[in-house]
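Undergrad: Requesting a structural model of the entry that follows:
(chains A and B)
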Amino acid sequence: MRELSTVDRKILAKLQGDFPVCECPYAEAAEQLGISEEELLQRIESLLADKVLTRFGPMFQIEEMGGAFVLAALAAPEERYDEVTALVNELPAVAHNYRREHALNMWFVLATETKTGIAEAIARIERDTGLAVYAFPKEREFFVEMKLEARL
Amino acid sequence: MIDHIDRSLIVATQGGLPLVPRPYHAIAEQLGLPADEVMRRLKAMLETGVIRRIGVVPNHYAIGWTANGMTVWDVADEQVDELGARIGALDFVTHCYRRPRALPAWPYNLFAMVHGSSREECAAKAGEIRALLGDACRGSDILYSTKILKKSGLRIGG
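TA: The predicted structure follows:
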């Protein structure tokens, strides 16, 4: 695992949002971080390559575009876990997928452009895996702000 | 709502922003749009919330948050909205939602994500949530994630 430098930490602390929309946004962000544009570009590239970052770019709220995000889960038999993971992950609608310790041991987020896309994705997963999918659509959102600073 | 040009911008950027000095110009060129329009539309989508934010998305594990627990609670229906709002306001909770139960397999209707460097830390945070819920809580669990199986984010078809 990559040892985080001071600059890496600054990037993680300051750049989880508010990346500028302007002609030279890296130059502008780099100035605020006290580094050069070139260094910022190289750092982001290497943080992505080292998997410290999973993405860099805009995060979309698909519900604002008429689509839907739905949390769903299934219970994959241990001996089929890898196979089921591959079948689930194959769908572009699966935005995230986590293994969790529970009888329901696979939890994934479906993101589809239309509300009907969710039911289609669930039906496809159930057909491909032969397993029941539990859907947990949000009924109410109390808070979402996924910004965690480095604490290594 | 968004039009087909906004949609093409989403398709062009959902995998990430180009790592070049003028990324919005690069996108504009790729889509055959003026760069000004690309920037204007991205700003508008930030304004309306279609884009939540633009920035880096860390892998929690790689930055020291090695214990990630989805705490789930069975809370009395008549109190869940009021209590959910209070739990969502706790500074260590990153997501908090009311969701349907799936009885009998799944009795929980309130979900709150907590993170820590250890499971003990997550359990302590869950303890604070438990205390806040008081008698309204009829059962709970913490589901720790043990592996990221996929984290690509949104992918709509081009």
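Undergrad: switch to C-alpha atoms for all contacts and neighbour counts from now on
TA: OK.
Undergrad: Please enumerate the helices of chain A.
TA: A:6-14, A:25-33, A:37-49, A:81-89, A:116-129 (DSSP state H).
Undergrad: for chain B, that is, sorry about that
TA: Counting by DSSP H, the helices of chain B are B:4-13, B:23-31, B:35-48, B:80-88, B:119-133.
Undergrad: if we can go back for a sec, would CSV of the helices of chain A with distance to B:E29 and mean pLDDT be doable?
TA: Formatted as CSV, these follow (distance: least, C-alpha to C-alpha, whole Å; pLDDT from 0 to 100):
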stretch, distance to B:E29, mean pLDDT
helix A:6-14, 28, 94
helix A:25-33, 17, 97
helix A:37-49, 20, 98
helix A:81-89, 32, 98
helix A:116-129, 31, 97
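Undergrad: Export these as JSON lines, with columns for mean neighbour count.
TA: Supplementary listing: the helices of chain A in JSON lines, determined by neighbours: other C-alpha atoms under 10 Å in any protein chain shown:
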{"stretch": "helix A:6-14", "mean neighbour count": "17"}
{"stretch": "helix A:25-33", "mean neighbour count": "17"}
{"stretch": "helix A:37-49", "mean neighbour count": "16"}
{"stretch": "helix A:81-89", "mean neighbour count": "17"}
{"stretch": "helix A:116-129", "mean neighbour count": "16"}
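Undergrad: Minimum distance to B:V20: which of these has it?
TA: helix A:37-49 (7.2 Å; C-alpha to C-alpha).
Undergrad: mind giving me the domain split of chain B?
TA: Split into domains by automatic domain parsing, chain B comes to B:4-48, B:67-144.
Undergrad: Comparing these, which stretch has the densest surroundings?
TA: Among the domains of chain B, domain B:67-144 has the highest mean neighbour count (mean count of other C-alpha atoms under 10 Å in any protein chain shown), at a mean of 18.
Undergrad: center of the chain - which residue?
TA: Since you didn't name a chain, this refers to chain A. A:H96 (5.3 Å; C-alpha atoms, centre = their mean).
Undergrad: That was the other one, I meant chain B.
TA: Note: chain B centre (C-alpha atoms, centre = their mean) maps to B:H95, 6.3 Å.
Undergrad: For that residue, give the beta-bridge partners.
TA: Using DSSP bridges, the bridge partners assigned to B:H95 are A:V144, B:M113.
Undergrad: Pop out the phi and psi values for B:I156.
TA: Main-chain dihedrals, B:I156, degrees, to the nearest 10: phi -100, psi 160.
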